[in-house]
Structures are given as structure tokens and as C-alpha cells.
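Q: quick one, fold the following:
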Amino acid sequence: MSNKEKQAKVRLVMQEFKSGKLASGSGEKVTSAKQALAIALSTAGLSRKPKKDMSEDYYMAFMKELGGDDEKERDDDKSFSPPSSVRAAARRGLELRKKHGKGGLSTQEAGKQGIGSGVARATTLASGKSISYAMIKRMAAFFSRHAKNLSGGEDNAGYIAGLLWGGSAGRAWANKIIKMVESAKN
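A: Here you go, the predicted structure:
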């Protein structure tokens, strides 16, 4: 993964934190900047540990060290509210994960692998809070990577993971948003 990709992952998690949308693996809202940066670094596959006195200045210095600044991508400031079908699928995914103990990764598990957390995504989607365009693109990427794993019964880990990201309704919604934004660019 390039520094630019790592920077984008760190930026995305920190933006979720700043907007009050970042949730821990247990689904609780993250209120500590230090914890948010630790999650961000872990998500980006970086092992650097935050300083005890970590501040916004530390985050900015870290981003510069990766080779960039804190400017948002042009479309990243757009946000979209998930439709009821996507919220319902995410809630169902959380229920099935709790019932069967499988499907999707917690924030900590996902961070160790340098990927997005299905539980964090489901928590955000189920709440109905708006999500960024960058997150919409991550949803579409998840579905394109895991399309073959999304069929199965309610005790199937792939099926549960797909529900955590919004299920088939989430896939259709993410693709619709991406088409809409891309056509508006042109």
C-alpha cells in the first residue's frame, strides 16, 4: 500500500472521528483523539503508537510525514443518508453477528488486517447517520471484492458480513451514488 493510500485511510478515520461518527469495535462512540488516531493508524496498517499527549498537531505532523496535508478530496465533503432498506440490512447483520458469533470484523480485528470494519460500518449505517462519499466508495469496493461470499443462509459468515455493509440494498445504493457523483463531474 502506498503512502498516499495509507494517508487516505488515516484521513478517513479521523474525519469520522471529527464528525462524531467513529465507533469502536464494540459499537461505542469514540471520544478520545488518541484512540481515534490509534484506530486510524491500525486501519492503515501502520504500527506507530500515538504519544500520550497526542493532539491535532500530532495528527497534522503525521499526515505531513506520510507526504500530504489534511485537505479533503473534492467529493469527500459530500455526505449521503442511507435509505431504510440499507439501515434495516445493517441492523439485521448486527443481530445475526451477535447470534452466531461470526461475520464481519470488529474495528480492532479489521485494523490488524488493514481493512475496514464491518461492525463499525453497520453501526453507522443502522443509525441512519450520513456517510461520506469516500465511505460510499469503500462500500462499493467491499461488494466488488466479496460478491461471491454474499450468498448463503443467515448463519453464513459471508452473508452476515454483507449485511453489515448494507446487504444487496447497500450495494445498489452505493453504486447509484457513485454513478450520480461521477455523472455530475462530467
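Q: what is the longest helix anywhere in the chain packed up against?
A: For the chain, the longest helix by residue count, based on DSSP state H, is helix 167-185. Under the contact criterion of 3 or more Cβ pairs under 8 Å, 6 or more residues apart in numbering; DSSP states H and E, helix 167-185 touches helix 84-100, helix 133-146. Glycine gets a C-beta too; all of them are placed from N, C-alpha and C.
Q: which stretch among those helices comes nearest Ala36?
A: Distance to Ala36, taken as Cβ to Cβ, is lowest for helix 133-146 among these, at 15.6 Å.
Q: what ranges of this protein fall below the confidence cut-off?
A: 1, 47-77, 110-111, 113-116 (pLDDT under 70).
Q: domains of it: list them as residue ranges, please.
A: Residue ranges for the domains of the chain, per automatic domain parsing: 3-65, 79-185.
Q: quote the end-to-end distance of the last one.
A: Start and end residues of domain 79-185 are separated by 16 Å (Cα to Cα, to the nearest Å).
Q: so what's the gap between that domain and the chain middle?
A: Distance of domain 79-185 from its chain centroid, counting by Cα atoms, centre = their mean, to the nearest Å, is 9 Å.
Q: how about Ile177, nearest residue that isn't a chain neighbour?
A: Once flanking residues are discounted, Ile177 sits nearest to Ile136: 4.8 Å by Cβ to Cβ, 6 or more residues apart in numbering.
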